[in-house]
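Novice: sequence first, then the predicted structure:
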Amino acid sequence: MTEKLVVVGAGMASGRMLEHLFEAEPNAFDVTLFGAEPRGNYNRIMLSPVLAGEKAFEQIVTHDTDWYAANRVTCRFGETVTRIDRKRKVVLTAGGEARYDKLVVATGSAPFIIPVAGRDLPGVMAFRDLDDVNAMIAAAEKPNARAVVIGGGLLGLEAAAALRGRGMEVVVLHLMGHLMERQLDPAAGYLLKKELEDRGIRIHTEAQTKAILGDERAEAVLLDDGTIYPADIVVMAVGIRPETRIATDAGLHVERGIVVDDRMMSSDPDILAIGECVEHQGICYGLVAPLYDMAKVAARTLVGEEAAFRPVETATQLKVTGVSLYSAGDFAEADDREEIVLRDASAGVYKRLVLKDNRIMGAVLYGETSDGGWFFDMLRRGTDVSDMRETLIFGQAYQGGGQLDPMAAVAALPDDAEICGCNGVCKGKITGAITGKGLASLDDVRAHTKASASCGTCTGLVEQLLSLTLGDTYNPAAVTPVCGCTDLGHDEVRRLIRAKRLKTIPAVMQELEWKTSCGCAKCRPALNYYLVSDWPDEYADDYQSRFINERVHANIQKDGTYSVVPRMWGGVTSSAELRAIADVVDRFDIPAVKVTGGQRIDMLGIRKQDLPAVWAELGKAGFVSGHAYAKGLRTVKTCVGSDWCRFGTQDSTGLGIRIEKFMWGSWTPAKVKMAVSGCPRNCAEATCKDVGVICVESGFEIHFAGAAGLDIKGTEKLGLVRSEDEALEHIVALVQMYREQGHYLERIYKWAKRIGYDEVRRQIMDDADRRKAYFDRFVFSQRFAQVDPWSERVSGKDKHEFRPMATLSLEAAE
Amino acid sequence: MMRMTGQEWVSIGTLHDIPQRGARCVRNGDMTIAVFRTADDRVFAMEDKCPHRAGPLSQGIVHDGCVTCPLHNWIISLETGRAQGADEGGTATFAVRLEGQRILLALPCGSAAAVAESCDHG
């Protein structure tokens, strides 16, 4: 009979333990997993990049529904275990109880909230889980919002940098004399402070918090010295304490943490404990590497194998984009210790090694941290460094004579050198897996060895190992970059534009480290669109980054002439309009006139210099640009609907015109073509459009993600709505979602396939709040987009574009 | 027509007439010459004809020292007029000089009128 294993806590340690357990004996236990958070295991270390907007939450989920299902784990997320009844061997929650044969307590830690007045006010939060992150992101959306972060340690500074990146005014209060005093010496602390201050973060050291002020919610923080900092939110990041309440109540041996032996067994042999809630040989751990070791040991203990946890040295890195900081070991000063220091102020580099008996005791690196792993490796081995004392501080590349390139430095590492500190993976294991299992990408290595799968700071090293082992066959670009000017993909670029609030093309290129001075014909139009889409009110459209058609609002033809398509709302026209078109054709000697597939009239073969005059004439007749050239809304094709057709169920023409008048002028990642058919006979061919509507007796069936070009694809059904108003709201929301998420030049059908049709339905059909928010953002952006480019040009804007700057009259030629 | 050696410098307008990372055209008899201005205010001139299918290079996107043709995305070096990457071919280039803000274009001797009629700059 399979034994029942209950795990309390769905954090990083328990997720890893279950992996090891299922690897060793997939069927040994019937597992029930409790988690207080309403979600499964995710990589908590990566919450800082999520807060900074550099990663999406989905990217840091370590175990998804499929994984739990495949391993038959009963998940009870959002259910807090309140008590352990050791006599009956059950755990109790508000919703019931669960019986166990073996119990693993992995309750982690709770943020320490300093006991000052006002700590319970709304607006005071910790930085511990996704809910905290979401609360902070929401607070940062308010213009000029202010945050006070209490605690200048690792977490506090990551939070501060991320919130500042989101545009908040940020003050960091730190009790000690310099930042991160547990990991940094005063000199490195000073450099870090300066760097953060340069980013506009205010740092107040030796700050003793007296109270949090506010009536309904937090409004300010008061210090002992009388200083008051106004605050919309107060983030407490002063430390953590092991979460041991249920263990204490159950009568287990608890000191600072739940006391465990080398096998991770508590004072009750049927109860194991792992993670931040435990104490082993008097030490509580807060970094991930030892927690993963515990996970491995606990899994082996559960299946009856011998295993023992050993105390470990840990190294720390700060995850703030643009700040390189590494610290390991113990660097307190003492009489029997020596130090080696390297300062290079102009390069912003500071390195300090603390030695005792020619062995490295501690290392602090700021600004240049690539040798961190090498120093740490010698620290743990107790390597005698007397032979290289002279050049030690310059790093591994300087050992043995000439300077080596980074690749050679990695090649020179011994097989047992640790590459991934979080997961304790050494070089030999990685290279062995690459050759043994035929791995070809970073993701493969992460999946098979876990190296670089946690905090990700060793990613560079792992990539170097891939390229050393595989040679030229290794292609690091797992994500397809936007173009040759960057290694970033479209998603990262879009996310970073928002996270870092980048509002000009030069700012994007500078901050995201573009490799070319001003981009290329691929990335510039993409960036221009992303900026127009994200900052509709602030961004000044860059015409030089638009393709010629969008620059002159006409379509270039093979001979360098242009074609012009006036807008005919819903494909409906009149004798006056037709007469005006006929007159323009005659007057400008336009060689060809054609009806397009989208029910419009196209005049082809117009000379560039004639464009403004053609537009002026068409404008007099009431025409605006048909945007037949735009990565934007092109046409809404309609049938005659209930006005004329004996089968028509609704006013399809009217709805088409309404949609077109509402949405014209909006820019989108690629062109958007729509259609409204008045009955399922579908004369407007709505089921192969980007967005289509089929009118039925009971309302309006909305379709999306069709294609009838290079690819042919019928639409997916979004859903049925009752009224025209609802139809408009759903369509607008869908297009706005696409505007915000699509990659430049990616049509709706490709975007929807990439993110999942169900996800689109979920957000647009099922989530009314989200739909409304998309709708509102679209309406806001239209305030700046619905300007007829033709009338703008006719009134003189950029008129030079259309004429030669000089004509050299040449006798021989005339 | 006899081709003479030597060049004739013709003033065609000011730097201000061309947007950064953009181009404007100069008509020289039957030929259209595209004059480009880069992000760092260097100015180049070449015939407004892509070596591939004669696309108007003046209508392309200007980036670094190159322009991408609007018809089929060939990339042409502004300095040499040569197609970049795997494509082969070239376009005739003309020397350009900046005298303060004024742009002077060099044409082969005898091929241009002594005086340039500047189009109305309003």
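Specialist: Received it, and whenever you're ready, just let me know what you need.
Novice: nearest the geometric middle of chain B, what residue?
Specialist: If you average the C-alpha coordinates of chain B and look for the closest C-alpha using Cα atoms, centre = their mean, you land on residue B:45, 2.2 Å from that point.
Novice: and the strands in the stretch 151-300 of chain A, which stretches?
Specialist: Assignment of strands within the stretch 151-300 of chain A using DSSP state E, counting those that start in this stretch yields the ranges A:169-174, A:201-205, A:209-213, A:220-223, A:228-230, A:233-236, A:240-242, A:258-259, A:271-273, A:278-279.
Novice: could you check those and tell me which one is nearest chain B?
Specialist: Judged by Cβ to the nearest Cβ, the one of these that comes nearest to chain B is strand A:201-205, at 32.2 Å. All C-beta spots, glycine's among them, are computed from the backbone N, C-alpha and C.
Novice: in chain B, what residue lies closest to chain A?
Specialist: Nearest to chain A, among the residues of chain B, is residue B:29, at 3.1 Å (Cβ to the nearest Cβ).
Novice: test my guess that that residue contacts residue B:107.
Specialist: No. Assessed by Cβ atoms under 8 Å, residue B:29 is found out of contact with residue B:107, at 10.2 Å.
Novice: more neighbours, the two?
Specialist: Under the neighbour definition other Cβ atoms under 10 Å in any protein chain shown, residue B:29 and residue B:107 were set side by side, and residue B:107 has more, 21 against 16.
Novice: got the contact list for residue 7?
Specialist: All of this is about chain A. Taking Cβ atoms under 8 Å, 6 or more residues apart in numbering or on different chains as the definition of contact, the neighbours of residue A:7 are A:14, A:17-18, A:31-34, A:103-104, A:106.
Novice: could you do chain B instead?
Specialist: When contacts are counted by Cβ under 8 Å, 6+ apart, residue B:7 touches B:95, B:106-109.
Novice: repeat that for residue B:16.
Specialist: Applying Cβ under 8 Å, 6+ apart as the definition, the contact partners of residue B:16 turn out to be residue B:101.
Novice: would you quantify the distance from the residue nearest to residue A:299 when sequence neighbours are not counted to residue A:279?
Specialist: Leaving aside its sequence neighbours, residue A:299 sits nearest to residue A:20 (Cβ to Cβ, 6 or more residues apart in numbering or on different chains; 3.5 Å). If you measure residue A:20 against residue A:279 using Cβ to Cβ, to the nearest Å, the figure is 22 Å.
Novice: ditto for residue A:557
Specialist: According to Cβ to Cβ, residue A:557 and residue A:279 sit 77 Å apart.
Novice: buried stuff in the least confident helix or strand in chain A by mean pLDDT?
Specialist: Lowest mean confidence among the helices and strands of chain A (mean pLDDT, DSSP states H and E): helix A:406-412, at a mean of 73. When burial is assessed from 16 or more other Cβ atoms under 10 Å in any protein chain shown, helix A:406-412 yields the following buried residues: A:409-410.
Novice: tell me what the helix or strand just after it is packed against?
Specialist: Note on helix A:406-412: by DSSP states H and E, the next helix or strand toward the C-terminus is strand A:418-420. Identification of packing neighbours for strand A:418-420 by 3 or more Cβ pairs under 8 Å, 6 or more residues apart in numbering or on different chains; DSSP states H and E yields helix A:372-381, strand A:425-426, helix A:427-436, helix A:459-470.
Novice: give me the residues contacting stretch A:762-775.
Specialist: Residues from elsewhere that reach stretch A:762-775, judged by Cβ under 8 Å, 6+ apart: A:718-719, A:729-730, A:732-734, A:736-737, A:740.
Novice: what is the end-to-end distance of stretch A:527-543?
Specialist: End-to-end span of stretch A:527-543 (Cα to Cα, to the nearest Å): 12 Å.
Novice: what's it in contact with?
Specialist: Counting contacts by Cβ under 8 Å, 6+ apart, the residues outside stretch A:527-543 that touch it are A:493-494, A:497-498, A:502-505, A:508-509, A:519, A:524, A:545-546, A:551, A:631, A:667, A:669, A:739-740, A:744, A:780-781, A:783-785, A:798, B:19, B:22.
Novice: contacts only, for residue A:426.
Specialist: With Cβ under 8 Å, 6+ apart as the criterion, the residues that contact residue A:426 are A:415-419.
Novice: show the pLDDT at the single nearest residue of the stretch 201-350 of chain A relative to chain B.
Specialist: Per Cβ to the nearest Cβ, residue A:322 is where the stretch 201-350 of chain A lies closest to chain B, at 24.6 Å. The per-residue pLDDT reported for residue A:322 equals 75.
Novice: neighbours of it, just the number please.
Specialist: 9.
Novice: next one: the one 3 residues further on
Specialist: Neighbours of residue A:325 under the rule other Cβ under 10 Å: 25.
Novice: quickly list what it is bridged to.
Specialist: residue A:366 (DSSP bridges).
Novice: I'd say it and residue A:319 touch.
Specialist: No. With contact defined as Cβ under 8 Å, residue A:325 does not count as touching residue A:319 (9.5 Å).
Novice: wait, a strand at the residue nearest to the centre of chain B?
Specialist: Yes. Counting by DSSP: H, G, I helix; E, B strand; the rest coil, residue B:45 is found in a strand.
Novice: tell me which residues form a beta bridge with it?
Specialist: For residue B:45, the beta-bridge partners under DSSP bridges are residue B:35, residue B:94.
Novice: residues near residue A:106, how many?
Specialist: Residue crowding around residue A:106 was assessed by other Cβ under 10 Å; the count is 31.
Novice: quick one: contacts for it?
Specialist: When contacts are counted by Cβ under 8 Å, 6+ apart, residue A:106 touches A:7-11, A:13-14, A:17, A:273-275, A:277.
Novice: of those, which belong to helices?
Specialist: Under the assignment DSSP state H, the contacts of residue A:106 contribute A:13-14, A:17 to helices.
Novice: residue A:167: neighbour count?
Specialist: Applying the criterion other Cβ under 10 Å, we find 17 residues in the vicinity of residue A:167.
Novice: from chain B, how far off is it?
Specialist: Residue A:167 sits 28 Å away from chain B, taking Cβ to the nearest Cβ, to the nearest Å as the criterion.
Novice: pLDDT score for the residue nearest to that residue when sequence neighbours are not counted?
Specialist: Beyond its immediate neighbours in the sequence, the residue positioned closest to residue A:167 (Cβ to Cβ, 6+ apart) is residue A:501, lying 5.3 Å away. Confidence per residue is given as pLDDT, and for residue A:501 that number is 87.
Novice: what's the answer for the one 4 residues further on, then?
Specialist: Reported pLDDT at residue A:505 in the predicted model: 92.
Novice: check contacts around it.
Specialist: Residue A:505 makes contact with A:519, A:524, A:527-528, A:531, A:542, A:545, according to Cβ under 8 Å, 6+ apart.
Novice: ok, now how distant is it from residue A:517?
Specialist: 12 Å.
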